[in-house]
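1. Predicted model follows, preceded by the sequence.
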Amino acid sequence: MKAEDTELLKEFTPEQVAKLDSIIEKYKGKAGGLIPVLEEAQVCLEYLPLPVQKKIAQGLNLPLSRVYGVVTFYSFFTMTPRGKHTIRVCLGTACYVRGGKAIAEALEKQFNIREGETTEDRMFTLESVRCLGACGLGPVVVVDEDVHGRVKPGKLKDILSQYN
Amino acid sequence: MKVFRSHILICGGTGCQASGSLGVKNALLEEIVKRKLADEIKVVETGCNGFCALGPIMVIYPEGIIYISLKPADIPELVEEHLIKGRIVEKLLYREPGTDKAIPTMQDIPFFAHQELRVLKNRGLIDPEKIEEYIARDGYAGMAKALTEMTPEQIVQEMLDSGLRGRGGAGFPTGLKWKFAAQSKGDVKYVLCNADEGDPGAFMDRSVLEADPHAVLEGMVIAAKAIGSHSGYIYCRAEYPLAIHRLNVAISQAKEAGLLGKDILGTGFDFDLEIYQGAGAFVCGEETALMTSIEGKRGMPRPRPPFPAVAGLWQKPSILNNVETLANVGQIILRGAKWHASVGTEKSKGTKVFALTGDVNNVGLVEVPMGTTLGTIVYDIGGGIPKGKKFKAAQLGGPSGGCIPVQHLNAPVDYEKVAELGAIMGSGGLIVMNEDKCAVDMARFFMDFCQDESCGKCTPCREGTKRMLDILTGITKGKGKAGDIELLEEMAGVIKNAALCGLGQTAPNPVLSTLRYFRKEYEEHIFEHRCRATVCSAMYKSPCQHTCPIEMDIPSYIALVREGRFEDAYKILLQTNPFPSVCGRVCDHKCQTKCRRGNMDEPLAIKFLKRFITDNAPRPKTDPVAVTRKEKIAVVGAGPAGLTAARDLALRGYKVTVFEELSYAGGMLRWGIPAYRLPRNILQGEIDDITALGVEIRLNTRVGRDVSFAQLEKDFDYVYLATGAHKSQKMRVPGEDLGNVFGGVEFLRDFNDSEEKWLKGEKTLGKKVAVIGGGNSAIDAARVALRLGSDVTILYRRLRQDMPAAEEEIKAAEEEGIKIEYLVAPLKIDGAKDKVKSITCQRMKLGDFDASGRKKPVPIEGAEFTLNVDAIVAAIGQVPDMSFIDKTVGVEVNKWDCYTVGKGFKSRTTNPRYFAGGDAETGPDTVIAAIGAGHQAADDIDAAIRAANNEPAYVKPAREEILVPLVIDEETAEAPQMPMPEMHAATRKMSFAEVELGFTREDAIKEACRCLRCDAAV
Amino acid sequence: MAKLTIDDLKKIKEKVHKEMSLRDGDRRVRITVHMGTCGIASGAKEVMDTLLEEIEAAKVNDVIVTTSGCMGLCSREPLVTVEVVNQDPIKYEYVNPNKMRQIFKRHVLAGEVQTPFVLAKGSEVIK
């Protein structure tokens, strides 16, 4: 165990840290490798706090500013921990036209959180997305990998009760 | 070769999977094993079939029967019936919206029938994870030809000749792009595929990648050969996991088969590619930003030149093509440039795939030749707008595009025409918007998107979109101010010119486009705080109230019905409406079209509840109002507009005299609407209340004949002209002046005037009657004729759904046995001078769209027929009769025979002492619009008087405080509208008794409980 | 899969195309096996299996096979209808695997109606 990992181990398991090492190793020296590393790291660690970014910067031999810049640029990356489940409300045009806004508002009210935030019990993270390409089913809500189509505010409770 | 007697193709696209197609597939496989059919029947999971809204979808071959909206529970029956017994399962078939006709085969469903599948030729037909199935349908044959028989120059030439233009949005000629890259010197070049389809509402690329991933790979290899590249990337957005999965499968299969990698097909050509997952930034769809992103940096665009063809990815020559473009390439090489150019328009060749979404019946993916009209896409393929709503506009090109409104439904959709109309082709997202969408809110939505996605590199985009968004948000919140529109236009110009990349340069487009077509809506938001679509909720209490022309307090009276407080409810009605029991019967209830409950199940029966209140509560007593003002006012015409103005003015202390030519007051309510819809005593009750205030009505007095204008001007200070539209429009066919040919309103007026004679048979129409027209008057005339014992046929030149008459009226006429012939127009009328004998009509068919969004009827030459009739009623429209007006008075009348309102006024005519309103000013309109006009005139006349007297403006006296309870149900269960009890058709056609019987107390309270209380400020 | 050559590509195309031809348009012959409860009870399933084997062996792709429910002639099941394009449909009665093979080889492939087994021609009942 390396000394610089101490900080990481406060948040993550040794297995996760080891996996991060192997991800970095896989892309080391490869041009344009930073974004795939971040993508895989986030899948493994669920979020990318500064210590993780520092480690990736060192591993890929990049300035931290470059890593931080990329993490904050792309909406896929997050620096805060996430809920057990992610609820993504589609606010693409087709869903918006079919009532996606009302769905997002109902969820914000129900959980008392805003878009991008996580519930206190870390069960749900609420996000909005721009078009999932499932426009035929609008309005669409995606919970983790499950797409729920033709959602009405009244049906949200039923949908979310499946996740715990 | 294993033979199966049947192949079942089940759609496994994202849309269908989300609707549960995997569950259906598993149930099917299970059932097939259970019924021991596994050796006879093959199940194939395909990519997106395009008919996403009705998924999960299954097509059974060889018959080609398509089943829709399947659930696992449907499977046992489907297997038993279709696969074992060979019987089609009717209830799982597609039903045509409108006619409800079941259509069993795919090619007969209009959605598919109008499409021309080229890019999507394999959709729903092959298993996208089996390379053999792709090869079996000519897959990789174009690549083989390019690698073995063609030089790079020939490939480029073929592409140039084909006229293929980039399908990602800009429409740059693909061949030219390749030519530039081919000419660039360099040993390393890149072929890139843009699959970062971030445009909201667009899912063409996702579908192609899911349904036919090899087509994209094939296109990339050909491109590689053309420009001399050996390495490529597909930049695919991470939001498309299934597309990425299918691409990965396709790439590994192709590599294994030697169709990718080293020495492809043994030709010595090498090309390898990998997938690069985007991390969620819309701007990365821009080509230079995309390349920066692959390089592992923040995906910001860079200035061009240098163009990517010279210095692209890692500064090497690169080409970037979108998914749909690349999917075209293999077939172009295989079948030749000519084949590709054989469809399309002069400058836009081939087909285009559109993601058709929004307010349209058949949501899905459609491929049509370039130049197909917008109307064909929306109506013939898309099946029109759900719930009978009106088409407002189609939005093309997403946040970079614009909208095409109803008057351009005939526009051929190609790059040039779309640009000319102020939109862009874009990648093919086509979002249909109905009348309930607000133009300003849509502009705000797209600006919010662009602002959010602006990468921040250049100031015009970063700051400009922010400022524009602030202004738009202000307007939608009712905080707009004069000058906002001009400021938006100015900023739009600056951003367009100064932004670094396409995102910024096109960001103002949705604003400019909505301003071009819907500027009036912006003005209404800013100056009147009105959102006609009832979207911008900050400006109103509830959508129903905001939509009502006299803004009746609907949520309040419905809440009071729920509480059983009917008298209080009645008081609320009378606050704004002098004719609530009339409107409870004959209002066209625009409020209900915007009722939010309608989005859930059906709108509230607002009209019926209004009637219930007036039927069941005692009418609040009216006391005379003392005349406190010296000015005297004359009202000409005792219809709803005139009487409303008279009442309002009397309430303000004016002495008002109403002049009416006919023997009863009420105008069209008395003379046009038959008693079975509006009993006379009900109307008279409301008129009596107005006279009880002190208003004098002089019947049988025609102004201009019985009272001269000079006299009028002597006796009165101001005159309100509300003379209505009581003259039928002419059909302009020969024989129109023969005996027993009536105008609609003339017939109804005569009947209502001499009812006894008609009922006794002293006046008669005869046995067979033809009524021409499709509006409410036509239906009224037909139902009256039927009640007089005639056999009635209505002749209408368009289709039923185009009839302006209220749906419930048409239905009632049909139930009573009136025949309606659609798509016929009168040609001539024959007979003797005193009596008509026959009418000859021409059959019509539907042609192009007119400005109202309905298809125009055009004659079918030679298709004529003659009906023998004893009478004809022509009810094709009304116009005001202006023959009474004295020219010297100085009240101008326009070319439609309506009063001209002075510039900058709402009701004042060209003579400042004369005001006008109602049908005689607007042309034929509704009762509620006439009441609204009456209110307006009263306000204007009173204001003119006070201004002339230097008095302060009128302040409305405080209304009686009626506490309205707020009860909102936690859970709302779906429940349809309470139906109105009616007299049976067989009984009612024998008399003029009222057809609709009214709600019971229980019905009414139950219906009132359905209200969602949109007025509640939570 | 081994690395393909251009020839392989063509071969795959031909082979798989035949298999997939069911999903295309026109066909020369349509064979209906009547599979009501009665038909299945009297052996329609075996007849179907035989028919599919025969088609596979003969490598034809212009024949489609469908099923239908009981025709109301339960006593004469299994029943099979052969419809060659532009000819009257022929209904065969008491079909078993052997008869099916013969009907397929002689009628479907060679065009000779197997009169001894025929129940009806077009709408006219022969027996």
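-> Great, that's in hand.

2. wait, what's in contact with the residue nearest to B:Ala675 when sequence neighbours are not counted?
-> Counting by CB to CB, 6 or more residues apart in numbering or on different chains, B:Ala675 lies nearest to B:Phe992, which is 4.7 Å off, once chain neighbours are set aside. No exception for glycine: its C-beta is placed from N, CA and C like everyone else's. Neighbouring residues of B:Phe992 by CB atoms under 8 Å, 6 or more residues apart in numbering or on different chains: B:674-676, B:787.

3. And the furthest pair within these?
-> Maximum pairwise distance among these (CB to CB): 9.9 Å, between B:Ala675 and B:Arg787.

4. one step back: cross the contacts of B:Phe992 against strands and list the overlap.
-> Counting by DSSP state E, no part of the contacts of B:Phe992 is found in strands.

5. Most neighbours out of the residues you listed, which is it?
-> The residue in the contacts of B:Phe992 with the most neighbours, by other CB atoms under 10 Å in any protein chain shown, is B:Arg787 (22 neighbours).

6. hang on, B:Val869 packs against B:Leu765?
-> No: assessed by CB atoms under 8 Å, B:Val869 is found out of contact with B:Leu765, at 9.3 Å.

7. More neighbours: these two, which one.
-> Ranked by neighbour count (other CB under 10 Å), B:Val869 and B:Leu765 place B:Val869 first, with 26 against 23.

8. Format the CA atom coordinates belonging to stretch B:716-730 as PDB.
-> Extracted in PDB, the C-alpha atoms of stretch B:716-730 (Å, rounded to 0.1, in the frame of the first residue of the first chain):
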ATOM      1  CA  PHE B 716     -78.300  59.500 -27.300                       C
ATOM      2  CA  ASP B 717     -74.700  60.400 -26.600                       C
ATOM      3  CA  TYR B 718     -73.100  57.100 -27.600                       C
ATOM      4  CA  VAL B 719     -74.200  54.300 -29.800                       C
ATOM      5  CA  TYR B 720     -73.100  50.600 -29.600                       C
ATOM      6  CA  LEU B 721     -73.600  48.700 -32.800                       C
ATOM      7  CA  ALA B 722     -74.000  45.000 -32.100                       C
ATOM      8  CA  THR B 723     -76.100  43.900 -35.100                       C
ATOM      9  CA  GLY B 724     -74.700  40.400 -35.600                       C
ATOM     10  CA  ALA B 725     -74.300  38.400 -38.800                       C
ATOM     11  CA  HIS B 726     -77.800  37.400 -39.900                       C
ATOM     12  CA  LYS B 727     -77.400  36.900 -43.600                       C
ATOM     13  CA  SER B 728     -76.400  33.600 -45.200                       C
ATOM     14  CA  GLN B 729     -73.500  33.400 -47.600                       C
ATOM     15  CA  LYS B 730     -74.300  32.500 -51.100                       C
END
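
9. got the contact list for B:Thr900?
-> Taking CB under 8 Å, 6+ apart, one finds B:892-894, B:909-910 in contact with B:Thr900.

10. Once you drop chain neighbours, what's closest to it?
-> Nearest residue to B:Thr900 in three dimensions, chain neighbours excluded: B:Glu892, at 4.1 Å (CB to CB, 6+ apart).

11. and the one you found, how many residues sit next to it?
-> When neighbours are counted by other CB under 10 Å, B:Glu892 comes out with 16.

12. before we move on, the earlier item: does the residue nearest to B:Ala675 count as helix, strand or coil?
-> Taken by DSSP: H, G, I helix; E, B strand; the rest coil, the conformation at B:Phe992 corresponds to coil.

13. could you say which helix or strand contains residue 94?
-> The chain I'm using is chain A. Using DSSP states H and E, A:Ala94 sits in helix A:93-97.

14. Against chain B - does that helix have any residue that ends up touching it?
-> Yes: judged by CB under 8 Å from any CB of the partner chain, helix A:93-97 comes into contact with chain B at A:93-94, A:96-97.

15. Could you pull out the strands in the chain for me?
-> Assuming you mean chain A. Secondary structure of chain A by DSSP E: the strands cover A:85-90, A:124-129, A:141-143, A:146-148.

16. meant chain C, my bad for not saying
-> Ranges of strands within chain C are C:29-34, C:63-68, C:80-84, C:90-92, C:118-121, C:124-125, based on DSSP E.

17. between the residues of helix A:93-97 next to chain B, which has the most around it?
-> Of these, A:Ala94 is surrounded by the most neighbours, 33 neighbours in total, counting by other CB under 10 Å.

18. quick one: contacts for the nearest residue to A:Leu132 once chain neighbours are set aside?
-> Setting aside the residues directly before and after it, A:Leu132 is nearest to A:Cys90 in space (CB to CB, 6+ apart), at 5.2 Å. A:Cys90 sits next to A:100, A:128-132, A:134, A:138-142 when contact means CB under 8 Å, 6+ apart.
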